[in-house]
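>>> Structure for the following, please:
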Amino acid sequence: MLQLCKLTDSLLISNSRSACDDGLLSGEGVTFCINVSKQQPFPGLRIGILRVPVFDDPAENIHKYFDRCADAIEGAGKAGGKTLVYCKNGRSRSATICTAYLMKYRHLSLREAFELVKSARPAVEPNEGFWEQLQRYEGELQSRQIGANSSTNG
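Coordinates of the predicted model:
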């Protein structure tokens, strides 16, 4: 079944088959795609694209893309657009990137962010290595917040 699962007003998640259905993307108003894979195709539409070249392998460093992807999703949303994040099956890589975005910009805990993604797309299941990288990112975001608060209060 072809479908785009809505996480927020400006963020969707899917698999690569759905992501390459130009009619589906046009219908949803998608303006930017993040392809979290090394080999999956991009849609044919002329929209913004970003490739995150990682395999669904626990040893892959997906963490180094968290801020860049989150900032791109937020930027597209602020410009009035919608971002679709996808990987081959829409289960591990894309879910990891979406969860990182929700933690950074929606200020959700890892558990809250993941539950939001899982409720929109029940098939999601980041691999063990990606989950550990999300746990590390949650700690980093908390440290940044503490640092930002102490510099504004001083």
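
>>> what about Glu132, neighbour count?
13 (other CB atoms under 10 Å). For every residue, glycine as well, the C-beta is placed using N, CA and C.

>>> wait, doesn't Val36 sit right on Ala95?
No. With contact defined as CB atoms under 8 Å, Val36 does not count as touching Ala95 (9.2 Å).

>>> give me phi/psi at the residue most central in space within the chain?
By CA atoms, centre = their mean, the mean C-alpha position of the chain lies nearest to Cys98, the distance being 2.5 Å. When read as degrees, to the nearest 10, the backbone of Cys98 gives phi -60, psi -40.

>>> What ranges does the protein have for its strands?
5-8, 11-15, 32-35, 48-51, 83-87 (DSSP state E).

>>> Rounded mean pLDDT for the last one, please.
What it means is strand 83-87. On average, the pLDDT along strand 83-87 is 98.

>>> Okay, now the sheet partners of that strand, with direction.
Strands adjacent to strand 83-87 in the sheet, as given by DSSP bridges, are strand 11-15 (parallel), strand 32-35 (parallel).
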